[in-house]
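Engineer: Return a 3D structure for these sequence lines:
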Amino acid sequence: MPSHTPHDDAVTIGVDFGTLSGRAVVVSVADGTQLGEAVHEYRFGAVEHALPATGEPLPPDWALQVPEDWRDVLRHAVPRALEQAGVGPDRVVGIGTDFTACTVLPATADGTPLSELPQYADRPHAYPKLWKHHAAQSQADRINSLAAARGETWLARYGGRISSEWEYAKALQLLEEDPELYAAAERWIEAADWIVWELTGAESRNRCTAGYKGIHQPDLLAGSGRPGPDFLRALHPGFADFTAKVDFPLSPLGGRAGGLSSRAAAWTGLPEGIAVSVGNVDAHVTNAAARALEPGHLLAIMGTSTCHIMNSDRLAEVPGMCGAVMDGVVPGLWGYEAGQSGVGDIFAWAVRTALPEDYAREARERGISPHQLLTEKAAAQPVGAHGLVALDWHSGNRSVLVDHHLSGLLLGLTLDTRPEEIYRALLEATAFGTRTIVEAFELAGVPVTEFTVAGGLPKNAFLMQIYSDVLRRPVNVIGSEQGGALGSAIHAAVAGGAHPDIHAASAAMGSIRRAVHTPDPDRARVYDLLYAEYKELHDHFGRGGSGAMHRLRGLRAQARSIATLPDPDGVPA
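Structural biologist: Residues are numbered from 1 along each chain as shown. All right, here's what the predicted structure looks like:
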């Protein structure tokens with residue numbers, strides 16, 4: 001049995017599979033020092049416009065990935081990180097992985113993705129559906145409506161609504177749009193578990209994705225902890241057997257899923273048989289990296305989207321949560337997940353669409369990015385001077401409304417409005433969205449005692465100051481720029497026996513910088529006024545005051561569908 005006393009020179013490897021790339025880090029198990037890292041950019045990235053195999057256009061709101069991209073991270077990033085660290089493979093005691101979620105794929109019983117079978121390579125539904133695949137909203141709406149009508153007990157664990165991003169909605173879309181592929185899919189598996197299957201050669205399922213994305217609540221009374229056959233049959237007669245595609249014993253987080261297989265050892269250059277930790281989600285493993293495991297410590301992992309993760313010693317019905325799961329983040333506590341579907345993506349949209357040439361030229365001449373230029377200009381203006389307020393729904397709303405058919409809005413535009421003012425209003429809108437989530441927790445009786453940020457966006461000090469002012473709270477910052485990968489390395493240290501549990505490993509290997517940003521009372525008072533305007537718009541467009549956003553989305557989909565219909569000669573109209 002392992003002694004749980006880390007060797008001074010022992011290391012683990014954490015691999016973070018993102019939306020466009022995968023990153024590997026080599027980390028000391030003694031103190032979390034990062035010794036090496038490497039990034040591998042996916043060849044196909046996020047497939048959102050056309051199918052790689054055929055060039056066939058994809059409908060709106062689709063987002064797919066290609067499994068070979070994920071294997072290539074193991075082949076390239078892991079060996080390069082080890083080489084950069086100057087560490088011999090014999091010092092590695094474990095490897096851990098994390099993934100975006102819900103990124104889910106149909107596979108055969110031996111784990112082969114259907115997209116890799118020649119007969120299905122030209123079928124969009126054969127490919128993994130990325131977390132931001134939002135084309136299953138109508139299926140999610142039906143699941144929510146039926147669950148509410150039947151009084152399904154599991155629905156309350158998800159704030160009353162499950163998301164179009166999750167396993168059941170995406171699977172129902174598969175069944176209804178390509179029933180042959182649905183029948184061929186013997187497994188419906190999260191990429192977080194699939195990559196562990198590739199590493200170990202054995203199937204496993206983690207408690208995190210099962211709880212948050214797979215509507216699995218084992219602690220509820222028998223038969224009510226997940227959708228049953230009668231419920232599934234009521235959605236679609238062919239859906240009654242769906243649970244068989246996902247059902248598998250759940251493994252605890254930080255546990256050992258198995259040993260590294262000979263095939264994966266050849267890919268990575270690591271010793272066969274070393275510990276592979278149970279699969280996990282990028283946001284959830286970051287809690288350990290940020291030392292944010294105690295009850296009430298809310299962690300916001302900020303990138304293209306934002307995930308909010310918090311542990312608590314109490315269970316409550318918090319509206320719009322992505323789940324409240326016992327042992328979902330760390331054993332012994334309720335793990336809550338909330339989120340915003342678009343954050344960094346919205347800022348990138350502003351640069352793509354609202355940056356005049358003279359601004360772009362100034363950025364080039366000064367050798368700074370457009371984001372830096374817009375941030376600098378926005379920061380020079382007092383709070384509220386732009387006269388704008390925005391809704392941060394360009395990718396829909398994940399929490400607290402759970403509606404991906406909502407859309408962005410910008411109110412207050414005049415002929416004098418400048419690009420940096422639009423940019424600032426969008427930065428502020430994402431902070432208002434986070435405040436809405438924090439207030440939902442506290443109104444439900446789940447206190448938020450600390451607020452910490454991780455991910456790529458905390459590098460923007462102005463953005464973080466906005467969050468501190470809007471939230472009226474100090475903002476802590478994770479001590480590592482690679483929170484997901486470090487978190488996976490921490491879990492690998494537990495699986496490899498270097499630390500007894502996630503708490504101990506987090507204390508030794510994680511890091512946090514406290515109160516890096518603190519609120520300014522004068523700015524906070526003005527932000528309270530802007531937030532009141534945000535809330536009015538939020539509730540009007542999000543809670544039934546106006547259906548305009550849904551109608552416009554429907555009109556867009558109808559128009560695009562007509563535009564792609566072939567004419568009688570076979571040429572698109």
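
Engineer: If you count neighbours, what's buried in stretch 339-353?
Structural biologist: For stretch 339-353, a neighbour-count test (16 or more other C-beta atoms under 10 Å) marks 339-347, 350-351 as buried. Placement of C-beta: from N, CA and C, glycine included.

Engineer: ignore the last one, stretch 375-385
Structural biologist: 375, 377-378, 383.

Engineer: got a markdown table for the residues you listed, with pLDDT, secondary structure and distance to residue 127 too?
Structural biologist: Rendered in a markdown table, the data for those read as follows (pLDDT from 0 to 100; DSSP: H, G, I helix; E, B strand; the rest coil; distance: C-beta to C-beta, whole Å):
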| residue | pLDDT | secondary structure | distance to residue 127 |
| --- | --- | --- | --- |
| 375 | 98 | helix | 37 |
| 377 | 98 | helix | 41 |
| 378 | 98 | helix | 39 |
| 383 | 98 | coil | 45 |
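
Engineer: As a markdown table, the residues you listed with distance to residue 13 would be great.
Structural biologist: Supplementary listing: the buried residues of stretch 375-385 in a markdown table, determined by distance: C-beta to C-beta, whole Å:
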| residue | distance to residue 13 |
| --- | --- |
| 375 | 35 |
| 377 | 42 |
| 378 | 40 |
| 383 | 44 |
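
Engineer: And the furthest pair within the buried residues of stretch 339-353?
Structural biologist: Largest separation among those by C-beta to C-beta: 339 and 351, giving 22.7 Å.

Engineer: ok, residues contacting the lowest-mean-pLDDT helix or strand in the chain?
Structural biologist: Least confident element among the helices and strands of the chain, by mean pLDDT, DSSP states H and E: helix 548-564 (a mean of 86). The contact list for helix 548-564 (C-beta atoms under 8 Å, 6 or more residues apart in numbering) reads 57, 59-60, 393, 405-407, 409, 541, 572-573.

Engineer: ok, now with 10 Å
Structural biologist: Around helix 548-564, the neighbours that count as contacts under C-beta atoms under 10 Å, 6 or more residues apart in numbering are 57, 59-61, 135, 137, 391, 393, 396, 403-409, 540-542, 547, 572-573.

Engineer: mind listing which of those are in helices?
Structural biologist: Using DSSP state H, the subset of the contacts of helix 548-564 located in helices is 137, 540-542.

Engineer: Most widely separated two among those residues?
Structural biologist: Applying C-beta to C-beta across the ones in helices among the contacts of helix 548-564, the maximum distance is between 137 and 540, 20.2 Å.

Engineer: For those two, indicate the residue with more neighbours.
Structural biologist: Regarding residue 137 and residue 540, a neighbour count based on other C-beta atoms under 10 Å identifies residue 137 as having more, with 22 against 14.

Engineer: ok, now which ones touch the more buried one?
Structural biologist: Under the criterion of C-beta under 10 Å, 6+ apart, the contact list for residue 137 reads 61, 163-165, 169, 173, 396, 402-406, 550, 553.

Engineer: Rebuild these as a markdown table, extending it with neighbour count and distance to residue 441.
Structural biologist: Formatted as a markdown table, those follow (neighbours: other C-beta atoms under 10 Å; distance: C-beta to C-beta, whole Å):
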| residue | neighbour count | distance to residue 441 |
| --- | --- | --- |
| 61 | 19 | 29 |
| 163 | 32 | 18 |
| 164 | 28 | 23 |
| 165 | 29 | 21 |
| 169 | 28 | 24 |
| 173 | 21 | 31 |
| 396 | 25 | 21 |
| 402 | 29 | 15 |
| 403 | 24 | 19 |
| 404 | 25 | 22 |
| 405 | 22 | 25 |
| 406 | 22 | 21 |
| 550 | 15 | 27 |
| 553 | 18 | 29 |
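
Engineer: Tabulate these (CSV), appending distance to residue 152.
Structural biologist: As requested, the contacts of residue 137 are exported to CSV (distance: C-beta to C-beta, whole Å):
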residue, distance to residue 152
61, 26
163, 16
164, 18
165, 19
169, 15
173, 20
396, 23
402, 16
403, 19
404, 21
405, 22
406, 24
550, 25
553, 27
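
Engineer: Let me know the closest of those to residue 104.
Structural biologist: When the contacts of residue 137 are compared against residue 104 (criterion: C-beta to C-beta), the nearest one is residue 165, at 9.4 Å.

Engineer: if you skip the residues just before and after it, what's nearest to the closest one?
Structural biologist: residue 102 (5.2 Å; C-beta to C-beta, 6 or more residues apart in numbering).

Engineer: ditto for residue 438
Structural biologist: Taking C-beta to C-beta, 6+ apart, and ignoring the residues beside it in sequence, residue 438 has residue 448 as its nearest neighbour in space, at 5.3 Å.

Engineer: now swap in residue 156 and tell me
Structural biologist: If you skip the residues right next to it in sequence, residue 156 has residue 317 as its closest partner in space, 4.9 Å away by C-beta to C-beta, 6+ apart.

Engineer: Quick check: the one you found vs residue 215, distance?
Structural biologist: Between residue 317 and residue 215 the computed distance is 16 Å (C-beta to C-beta, to the nearest Å).

Engineer: So those two - more neighbours on which side?
Structural biologist: Set side by side, residue 317 and residue 215 show unequal neighbour counts under other C-beta under 10 Å, the larger going to residue 215 at 24 against 15.
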